[in-house]
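A.B. asks: predicted model follows, preceded by the sequence.
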Amino acid sequence: MRVCLDTNVLVASLATRGLCSDLLRVVLSEHELVIGEHILVELEHTLSRTFRLPDDRLAAVRALFTFVEMVPNPLEPSAVEVRDPTDRWILAIAENGRADLLVSGDRDLLAVAHASSVPIITPRTAWERLRGQPGR
């Protein structure tokens, strides 16, 4: 299964132990992670500004994703109207990357799940769905 993890899920998976870190581990080991440069830039920005991660640690985070297929940045945001315009780019990455799921804790994205061609679900729902379903 091709799974796109939103920036907030990736931040939680790298900053704390728990559901999101377990979810990232399962996606990386049993499924295909869909990620784009926009998501990586947001991730690095958040880890740098909020968590004050030094440059060498940011480089290690980027290196973690070097073996994952990178979805090119979309030329346009998704057509789905989302309250936060930056979320339309995340949705476009999931769409262009042919993701089977977009996992997010972002209420704005979850609110438009009905209008999206890619199912948008919470980390808890993703965990329950993926836990016993190897995708490769």
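C.D. replies: Received it, and whenever you're ready, just let me know what you need.
A.B. asks: gap between Asp87 and Ser21?
C.D. replies: Going from Asp87 to Ser21 by CB to CB, to the nearest Å gives 23 Å. C-beta: built from backbone N, CA, C; applies to glycine.
A.B. asks: Gly36 now?
C.D. replies: 21 Å.
A.B. asks: which of these two has more neighbours?
C.D. replies: Gly36 (22 against 15; other CB atoms under 10 Å).
A.B. asks: spatially nearest residue to that one (excluding sequence neighbours)?
C.D. replies: Ile93 (3.7 Å; CB to CB, 6 or more residues apart in numbering).
A.B. asks: over to Asp84?
C.D. replies: Here the residue nearest Asp84, using CB to CB, 6+ apart, is Asp108, at 4.9 Å.
A.B. asks: buried residues in the one helix or strand that neighbour maps to?
C.D. replies: Assigned by DSSP states H and E, Asp108 belongs to helix 107-111. The neighbour-count check on helix 107-111 (16 or more other CB atoms under 10 Å) flags 109-110 as buried.
A.B. asks: in its sheet, which strands sit next to the helix or strand just after it, and in what direction?
C.D. replies: The first helix or strand that comes after helix 107-111 along the chain, using DSSP H and E, is strand 120-121. Under the criterion DSSP bridges, strand 120-121 sits next to strand 101-103 (parallel) in its sheet.
A.B. asks: my read: Ala99 touches Val27, true?
C.D. replies: No - the criterion here is CB atoms under 8 Å, and Ala99 misses it with Val27 at 10.9 Å.
A.B. asks: which neighbours do those two have in common?
C.D. replies: When contacts are counted by CB atoms under 8 Å, 6 or more residues apart in numbering, Ala99 and Val27 are jointly contacted by Val3.
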